[in-house]
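>>> Got a predicted structure here, sequence first:
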Amino acid sequence: MPRHEPISDCIMRHLPSFYPGQAMRGFGRGSKQLGMPTANFPEQVIDNLPADISTGIYYGWASVGSGDVHKMVVGIGWNPYYKNTKKSMETHIMHTFKEDFYGEILNVAIVDYLRPEKNFDSLESLISAIQGDTEEAKK
C-alpha cells in the first residue's frame, strides 16, 4: 500500500500494535460534523501509549466485544483543527452497526501508518482528508 508520508523508524518500532479499551463517547462531532462515526478510547489507554508514538492517522482492524473484525482507521493526537487540549484516540470502524456500542470493549489492531496529524484551513478540507484516509485504508 503506498504511503502518504515516509515512515520513520520510531513509527515502525510500534507496529503492529494492539489496544483494547472501553468504547467511549467522544466530542460528538464524528457523525454530526464529519459524517464518520467514531468511538474514543478512555484516557488510561491513551496515557499508556508509547511515549514516542507519532501522532497521526493509522489503519488496521477492529472488533467490538466478541464481534466480527472490520477494517478501521484511527487518529491519535490533538486534532489541531479543533484545538483539543487533550490527546485522543478516535477510531472509525468501516462497518455499519445497528446501534451504538459505547461501553463495549473495543479491540484495535494497528498495522500501518497513513500520515501525520495536521491542521486544516476549513472543515471541508478536513472532511476531504478523512475521506481520503478511509479510502486508502480500505485498500
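Arrived safely, thanks for sending. Because the structure is predicted, anything quoted here is derived from the model rather than measured.

>>> Buried residues of the helix or strand hosting residue 73, list them for me.
Element membership for residue 73, per DSSP states H and E: strand 70-77. Within strand 70-77, the residues that count as buried by 16 or more other CB atoms under 10 Å are 71, 72, 73, 74, 75, 76, 77. Glycine gets a C-beta too; all of them are placed from N, C-alpha and C.

>>> I would like the residues contacting that strand, please.
For strand 70-77, the external contacting residues (CB atoms under 8 Å, 6 or more residues apart in numbering) are 46, 49, 53-63, 87-95, 108, 110, 114, 117, 133-134, 137-138.

>>> one more time with 7 Å
Residues outside strand 70-77 that contact it (CB atoms under 7 Å, 6 or more residues apart in numbering): 49, 53, 55-62, 87, 89-95, 108, 110, 117, 133-134, 137-138.

>>> part of a strand, is residue 129?
No: counting by DSSP: H, G, I helix; E, B strand; the rest coil, residue 129 falls outside a strand, being helix.

>>> Give the closest residue to it in space, chain neighbours not counted.
Take residue 129 and drop its neighbours on the chain: the residue closest to it by CB to CB, 6 or more residues apart in numbering is residue 120, 6.7 Å away.

>>> circling back: now the buried members of the contacts of strand 70-77.
Listed as buried from these are 49, 53, 55-62, 89-93, 108, 110, 133-134, 137; burial here means 16+ other CB under 10 Å.

>>> With that, I have no additional questions.
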